[in-house]
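K.L.:
heads up, no residue letters with this:
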């Protein structure tokens with residue numbers, strides 16, 4: 001899976017996606033979330049969607065504190081373009097990645113790493129806080 005931790009940017013998929021993020025604006029974040037809209041969620045798509053959701057939380061003032069420097073810079077430059085509607089999309093995406101139709105959920109459950117699910121709960125809570 002190319003992961004060294006359970007946080008959103010502790011995997012090769014998310015770090016590879018950062019090149020695309022830096023080249024684009026909010027549409028890149030939205031596209032990452034849209035890829036997990038229906039059907040079975042592959043691990044790579046799930047990792048990227050979780051990273052995108054974490055960026056949206058940060059753009060709403062609810063960062064995890066573990067953002068890579070280039071992501072924090074992107075949030076400062078582009079964060080205002082992401083809205084409450086994007087927060088709702090991110091919440092849906094996190095739920096899909098954590099659900100039964102997700103390769104990433106299967107892999108983390110098989111690895112018996114409950115911290116991954118706890119990190120998604122924290123992310124979901126930070127997103128919900130942005131809607132209050």
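P.N.:
Nice, I can see it. What you are looking at is a predicted structure, and each value in this text was computed from that prediction instead of being measured.

K.L.:
Of all residues in the protein, which one is nearest the centre?
P.N.:
The centre of the chain sits closest to residue 50, judged by Cα atoms, centre = their mean, with a distance of 1.9 Å.

K.L.:
Okay, helices next: where are they in this structure?
P.N.:
12-23, 26-34, 43-59, 69-78, 84-98, 103-110, 114-131 (DSSP state H).

K.L.:
Poorly predicted segments of the protein, please.
P.N.:
1 (pLDDT under 70).

K.L.:
now with 90?
P.N.:
Within the chain, the stretches with pLDDT under 90 are 1-2, 23-25, 38, 64-66.

K.L.:
Looking at the helices of the chain, which is nearest to residue 5?
P.N.:
helix 114-131 (8.7 Å; Cβ to Cβ). C-beta: built from backbone N, CA, C; applies to glycine.

K.L.:
Specify the angle between the closest one and helix 103-110 in degrees.
P.N.:
With axes from the mean of the first three to the mean of the last three Cα atoms, to 10 degrees as the basis, helix 114-131 and helix 103-110 are set at 130 degrees to each other.

K.L.:
Which residues are in contact with residue 40?
P.N.:
Residue 40 makes contact with 101, 102, 103, according to Cβ atoms under 8 Å, 6 or more residues apart in numbering.

K.L.:
hmm, try it at 10 Å
P.N.:
Residue 40 makes contacts with 96, 100, 101, 102, 103, as judged by Cβ atoms under 10 Å, 6 or more residues apart in numbering.

K.L.:
Neighbours of the third one, how many?
P.N.:
When counting by other Cβ atoms under 10 Å, one arrives at 13 neighbours for residue 101.

K.L.:
Now it. Nearest residue, chain neighbours left out?
P.N.:
Using Cβ to Cβ, 6 or more residues apart in numbering and skipping residues adjacent in sequence, the residue nearest residue 101 is residue 40, 5.0 Å away.
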